[in-house]
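Enquirer: take this sequence and fold it.
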Amino acid sequence: MITLKRKLFQLVEALKSSYWFLPSVIVFLSILLSIVSLKIDEIKTSTEIFSWIYLNEAEGARLILSTIAGTMMSIAGVTFSMTIMAISFASSQIGPRIIVGFMQDKGNQFTLGVFVSTFVYSILVLRTIKEGSQNSLEFVPHYSILITIILALLSVGVLIYYIHHIPQSISMVQAVHKVGNQFHKTIGTVKDIYAQSNGDETQTEYRDFYSSYPSRININSNSEGYVEYIDLKKIIQVATELDLIIKIKVMPGKYIIKECQLLEIYAKQKIDDKSLLKLRNTVIWATKRSFRQDIFFSAQLLSEIAIRALSPSMNDPYTAIDCLNKIESGLINMLNLKKSNFCYFDKNRKIRVIYHIISFNEGFERIFDSLRSYVTKDFLSTKKVIELFYSLKRRCHDPGSIALIQKQLNYYSKSFLDNSKDARDREIIKSLSNISS
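Expert: Numbers count the residues shown, from 1 in each chain. Just a heads-up that it's a prediction; the model follows:
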């Protein structure tokens, strides 16, 4: 059973990544606008000030509206075709996982929404035009026609914007910049989680909690997917209210299978099914990864772009260097994330929640272990990575992290020197490695 909160969360995430939601909202608003404007036309509240609006006869009004409607639908088709072409290009050149960000682009969604809504509005107004006869009076919705013309002019402006926006949105530079910013944003989210910790896992309460809480309950998943979100505040609240100790066994970004352990609960007495369901629904998973709490989804995308750029088919080391710059900036932002486990204690200093979070050391190794075999085949990228290591060492004050950085530096230097046959390149890398060490 899935709670309403979990359903709403999944719905919101689906709508954010959908291409149809914003255009549908704009079309709905155009329908409401047509109802209001036609009501105004029926009231006939014209004055001499607005007499210039009343220039169209039925035949001319029908021609204007049908022309605008046909034009908007043609442009909407061209816009959709350009969008599909851009997605195809982004998928092949930048990476298929970047498409999610492209589909979430509000500029593309707004453009399609404006064109389709102008078409819908024109059609709804067009159907109300009546020519005069013996049995009925002529009806020409002058105010509504004026609004249609304004919408058509707005659509021209949006088309100009779209033609400018599409080349920018599919450029390598823009893709790297966007993913890099998301990397920083997710690190900020994880830092907020760190800020909630108020104890150390080595304290006495942590070591002795087994004897105080003899009953152990596992909460497992009932399907498979990627963990998108963990509602830490809710877990802390339930643990405090029911006098529990809860170990969170998964992290955002982890792929879980059916019956995978999500939470490990230590209790003094039996827990009711409603509370267990509430705890299960604090962990939300879906078929795809999310940027929300998963730091290394962004880092993986940057690594993927860099690896593609260094492939023989593209041979673009400068894009790889852009990705490394964003990775460096994010890792500097992560330097103070030194511990892997954090604990939350209540006001009585009783431990309530134990949660594993990616630390700087773990993240650093995961990123550069995945890049090494690709980067060390290129001189410029290897040079950039060694400079990156030097930059991190200069800012880092933790001996363990410094040793880890030095170890990776040695790996990269040795790998490049083993692969390269250019004497000058080898000399430069040797010199940089000595300086950095």
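Enquirer: residues in contact with Pro252?
Expert: Residues in contact with Pro252, defined by Cβ atoms under 8 Å, 6 or more residues apart in numbering, are 227-230, 290, 292-294. The C-beta positions use only the backbone N, C-alpha and C, and glycine is treated the same way.
Enquirer: residues in contact with the most centrally placed residue in the chain?
Expert: Taking Cα atoms, centre = their mean, the centroid of the chain lies closest to Phe291, which sits 4.6 Å from it. Phe291 makes contacts with 182, 185-186, 297-298, as judged by Cβ under 8 Å, 6+ apart.
Enquirer: ok, which pair from those is furthest apart?
Expert: Using Cβ to Cβ, the two most remote members of these are Lys185 and Phe297, lying 11.5 Å apart.
Enquirer: wait, isn't Gln293 in contact with Asp231?
Expert: No. Assessed by Cβ atoms under 8 Å, Gln293 is found out of contact with Asp231, at 10.2 Å.
Enquirer: quick one on the thing from earlier: filter the contacts of Phe291 down to the buried ones, PyMOL style.
Expert: Command for PyMOL that selects the buried part of the contacts of Phe291, burial taken from 16 or more other Cβ atoms under 10 Å:
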select buried, resi 182+186+297+298
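Enquirer: now, which of the contacts of Phe291 lie within helices?
Expert: When helices are assigned by DSSP state H, the members of those inside them are 182, 185-186, 297-298.
Enquirer: could you dump the contacts of Pro252 to TSV with pLDDT, distance to Ser431 and secondary structure?
Expert: Below are the contacts of Pro252 laid out as TSV (pLDDT from 0 to 100; distance: Cβ to Cβ, whole Å; DSSP: H, G, I helix; E, B strand; the rest coil):
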residue	pLDDT	distance to Ser431	secondary structure
Val227	90	44	strand
Glu228	87	46	strand
Tyr229	86	47	strand
Ile230	89	46	strand
Ser290	81	43	coil
Arg292	80	43	coil
Gln293	83	41	coil
Asp294	86	38	coil
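Enquirer: shaky segments in the stretch 301-437 of the chain?
Expert: Within the stretch 301-437 of the chain, the stretches with pLDDT under 70 are 338-340, 435-437.
Enquirer: cutoff 90 now
Expert: Applying pLDDT under 90 to the stretch 301-437 of the chain flags the ranges 301, 304-305, 308-309, 311-316, 333-363, 397-400, 419-421, 432-437.
Enquirer: try the stretch 51-200 of the chain
Expert: Within the stretch 51-200 of the chain, the stretches with pLDDT under 90 are 51-65, 73, 75-109, 111-112, 127-146, 162-200.
Enquirer: all helices of the stretch 101-250 of the chain, in order?
Expert: 106-126, 142-169, 172-195, 204-207, 209-212, 232-242 (DSSP state H, counting those that start in this stretch).
Enquirer: identify whichever of these lies nearest to Val250.
Expert: Closest among the helices of the stretch 101-250 of the chain, using Cβ to Cβ: helix 232-242, at 12.1 Å.
Enquirer: before we move on, back to that, could you say which of the helices of the stretch 101-250 of the chain is packed most deeply?
Expert: Among the helices of the stretch 101-250 of the chain, helix 106-126 has the highest mean neighbour count (mean count of other Cβ atoms under 10 Å), at a mean of 22.
Enquirer: domain parsing for this protein?
Expert: 4-170, 204-286, 376-437 (automatic domain parsing).
Enquirer: now, which of the contacts of Pro252 sits nearest Leu417?
Expert: The nearest member of these to Leu417, counting by Cβ to Cβ, is Asp294 at 35.2 Å.
Enquirer: wait, what's in contact with that closest one?
Expert: So Asp294 contacts 186, 226-228, 252-253 (Cβ under 8 Å, 6+ apart).
Enquirer: how close does it sit to Ser329?
Expert: With distances taken as Cβ to Cβ, to the nearest Å, Asp294 is found 18 Å from Ser329.
Enquirer: list the contacts for the closest residue in space to Thr376 that isn't next to it in sequence?
Expert: Nearest non-adjacent residue to Thr376, counting by Cβ to Cβ, 6 or more residues apart in numbering: Ser415, 4.0 Å away. The contact partners of Ser415, by Cβ under 8 Å, 6+ apart, come to 372-373, 376.
Enquirer: highest neighbour count among these?
Expert: Thr376 (23 neighbours; other Cβ atoms under 10 Å).
Enquirer: wait, isn't that residue in contact with Thr382?
Expert: Yes. Applying Cβ under 8 Å as the test, Thr376 and Thr382 come out as touching, 5.4 Å apart.
Enquirer: name the residues contacting each of these two.
Expert: Common contacts of Thr376 and Thr382 (Cβ under 8 Å, 6+ apart): 412, 416.
Enquirer: just the terminal-to-terminal distance for stretch 130-143.
Expert: Start and end residues of stretch 130-143 are separated by 15 Å (Cα to Cα, to the nearest Å).
Enquirer: how about the contacts made by Lys249?
Expert: Lys249 makes contact with 261-264 under the criterion Cβ under 8 Å, 6+ apart.
Enquirer: in this protein, which helix has the most residues?
Expert: From DSSP H, the single longest helix across the chain is helix 58-93.
Enquirer: between helix 106-126 and that one, find me the angle.
Expert: 160 degrees (axes from the mean of the first three to the mean of the last three Cα atoms, to 10 degrees).
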